[in-house]
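1. sharing a model prediction with you, sequence too.
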Amino acid sequence: MANIEIYTGMMCGFCYRAKSLLTQKNVTFTEIDVSMAPSERATMRERAGGRTSVPQIFINGKHIGGCDELYSLDQAGKLDPLLAA
């Protein structure tokens with residue numbers, strides 16, 4: 001099973017959609033809420049190449065991007081192999 005990390009924020013619709021897709025795929029993930037954690041937000045920004053928006057998703061340490069990128073991978077049939085790795 002893949003190691004999935006998702007940086008999120010409170011009241012974020014895109015975060016909810018990304019978590020919903022991962023839940024539908026029956027995978028577990030670690031959620032890191034950066035809303036009230038400046039140090040976690042700084043870590044996210046560093047890992048995500050300067051991106052500051054949430055969600056930021058990592059699968060096995062590789063930066064996937066945000067919600068739109070996650071859904072694009074799924075639609076292209078490339079998400080399931082990543083999740084199975």
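-> Thanks, I have the structure now.

2. how about stretch 4-20: buried residues?
-> Under the neighbour-count criterion of 16 or more other CB atoms under 10 Å, stretch 4-20 has 4-8, 12, 14-15, 17-19 buried. Glycine gets a C-beta too; all of them are placed from N, C-alpha and C.

3. I meant stretch 24-35, not that one.
-> Going by neighbour count (16+ other CB under 10 Å), the buried part of stretch 24-35 is 27, 29, 32-34.

4. over to stretch 41-61?
-> By 16+ other CB under 10 Å, the buried positions in stretch 41-61 come out as 41, 44-45, 48, 54-59.

5. the strands in this protein, which residues?
-> Secondary structure of the chain by DSSP state E: the strands cover 4-8, 30-33, 56-59, 62-65.

6. now those strands in TSV, with mean pLDDT and distance to residue 71?
-> Shown next, in TSV, are those (pLDDT from 0 to 100; distance: least, CB to CB, whole Å):
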stretch	mean pLDDT	distance to residue 71
strand 4-8	98	13
strand 30-33	98	18
strand 56-59	98	11
strand 62-65	98	10
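
7. what residues are up against residue 9?
-> With contacts defined as CB atoms under 8 Å, 6 or more residues apart in numbering, the neighbours of residue 9 are 15, 33-35, 54-55.

8. follow-up on the earlier one: I'd like the strands of the chain laid out as a markdown table, including distance to residue 79.
-> Output for these, formatted as a markdown table (distance: least, CB to CB, whole Å):
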| stretch | distance to residue 79 |
| --- | --- |
| strand 4-8 | 11 |
| strand 30-33 | 17 |
| strand 56-59 | 9 |
| strand 62-65 | 9 |
